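A.B. asks: Okay, sequence plus prediction incoming.
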Amino acid sequence: MAKEPKIRIPEQVTKGEAFQVKAMIPHPMDSGRRKEKVTGTVIPRLIINKFICEYNGRQVFSADLHTSMSANPYIAFFLRGTESGEITFTWIDDNGESITTSRNISVQ
Amino acid sequence: MALAGTGFWPATATATPEEAKTLIKKIAGGAKLDRGKVKIKLPAVADNGARVSIMVTVDSPMTANDYVKAIHIISDGNPYPETVSFTLSPGVGKAEVAFYMRMAKTQKLYAVAEMSDGSIQMASGQISVTIGGC
């Protein structure tokens, strides 16, 4: 479906510290209201409607997206560093197709 | 990034302020709408409605017993009032989210926070949109 997402996250944090996560995925977020410039046919709705963030397998943050979200949806949020491990990000579109990426974090 | 050519929403197909208020009431589920803990940061004027930067912060310790469960963003000038809903947990440590959204026209934006004790906190902001986009 979409191209490779971009994640910005610190590599190392202090235990108990809340750190910012920035996540963006290239996607047109077709709202179903836009028309093809040449033919005038309506481009069907196809958006990413779900974003999920898991920290060592535990869901800590998620978002339900609607058509008002901009193309290339960007979400910034915080996580508290509790233990070293893996943070997984998943995006799901209207067709049920998903893309997942993960980053390692070291908690000192 | 491919931001150009995002097109326009027909002016007739926008959520009304009443629809936005109905949705807020539905989220609140009868709870009182309190103000003071939610802060919504948005530009006073958006030149490009295709990509408007929004930041919402909720005053909460984000502990296991006292945290923000969800933050809902509601627009009263886009085709649908629902914009995005965030589900939080004590694991986020800080109740702050930022994102980009589309705005069809000049409108009021609401941020409604569901707290872990069942109370509802909200804030709103007014924004002037020069060129609407979606």
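C.D. replies: Yes, it's here. Residues are numbered from 1 along each chain as shown, chains lettered A, B, ... in the order given.
A.B. asks: Count the neighbours of residue B:17 for me.
C.D. replies: When neighbours are counted by other Cβ atoms under 10 Å in any protein chain shown, residue B:17 registers 12. C-beta coordinates here come from the backbone N, C-alpha and C atoms, glycine included.
A.B. asks: what are the phi and psi values for it?
C.D. replies: phi -60, psi -30 (degrees, to the nearest 10).
A.B. asks: And the one 10 residues further on, by the same measure?
C.D. replies: Phi and psi for residue B:27, reported as degrees, to the nearest 10, are phi -60, psi -40.
A.B. asks: repeat for residue B:26
C.D. replies: When quoted as degrees, to the nearest 10, the phi and psi of residue B:26 stand at phi -60, psi -40.
A.B. asks: Check it and give its pLDDT.
C.D. replies: Reported pLDDT at residue B:26 in the predicted model: 95.
A.B. asks: Let me see the contact set for it.
C.D. replies: With contacts defined as Cβ atoms under 8 Å, 6 or more residues apart in numbering or on different chains, residue B:26 has no neighbours.
A.B. asks: Give me the distance between the residue nearest to the spatial centre of chain B and residue B:21.
C.D. replies: To find the centre residue of chain B, average its C-alpha atoms and take the closest one (Cα atoms, centre = their mean): that gives residue B:73, at 2.2 Å. Note on residue B:73: its distance to residue B:21, by Cβ to Cβ, to the nearest Å, is 15 Å.
A.B. asks: Just confirm yes or no for the strand or helix carrying the residue nearest to the centre of chain B near chain A.
C.D. replies: Secondary structure from DSSP states H and E places residue B:73 in strand B:68-75. Yes - between strand B:68-75 and chain A, judged by Cβ under 8 Å from any Cβ of the partner chain, the touching residues are residue B:75.
A.B. asks: what element comes up after that strand heading to the C-terminus?
C.D. replies: Next along the chain after strand B:68-75, taking DSSP H and E as the criterion, comes strand B:82-87.
A.B. asks: Any chance you could list what contacts the very next helix or strand once past that following strand?
C.D. replies: Tracing the chain past strand B:82-87, the next element assigned as helix or strand by DSSP H and E is strand B:96-101. With Cβ under 8 Å, 6+ apart as the contact definition, strand B:96-101 has outside contacts at A:68-70, A:73-78, B:51-58, B:71, B:73, B:75, B:83-84, B:86.
A.B. asks: what sits against the residue in chain B that chain A sits nearest to?
C.D. replies: Proximity to chain A, evaluated over chain B using Cβ to the nearest Cβ, is greatest for residue B:93 at 3.0 Å. Residues near residue B:93 by Cβ under 8 Å, 6+ apart: A:17-19, A:78-81, B:62.
A.B. asks: run the last query once more with 10 Å
C.D. replies: With Cβ atoms under 10 Å, 6 or more residues apart in numbering or on different chains as the criterion, the residues that contact residue B:93 are A:16-19, A:60, A:77-82, B:61-63, B:67.
A.B. asks: Buried only: go through the residues you listed for me.
C.D. replies: The neighbour count (16 or more other Cβ atoms under 10 Å in any protein chain shown) marks A:17-19, A:60, A:77-82, B:62, B:67 as buried among the contacts of residue B:93.
A.B. asks: Would you mind checking which of these is nearest to residue A:100?
C.D. replies: Relative to residue A:100, the closest of these is residue A:60; by Cβ to Cβ it sits at 15.3 Å.
A.B. asks: thought residue A:78 was touching residue B:62?
C.D. replies: Yes - proximity of residue A:78 to residue B:62 meets the contact threshold set by Cβ atoms under 10 Å, at 8.5 Å.
A.B. asks: Hmm, residue B:103 and the residue nearest to the centre of chain B touching each other?
C.D. replies: No - the pair residue B:73 and residue B:103 fails to qualify as a contact (Cβ under 10 Å) at a distance of 11.6 Å.
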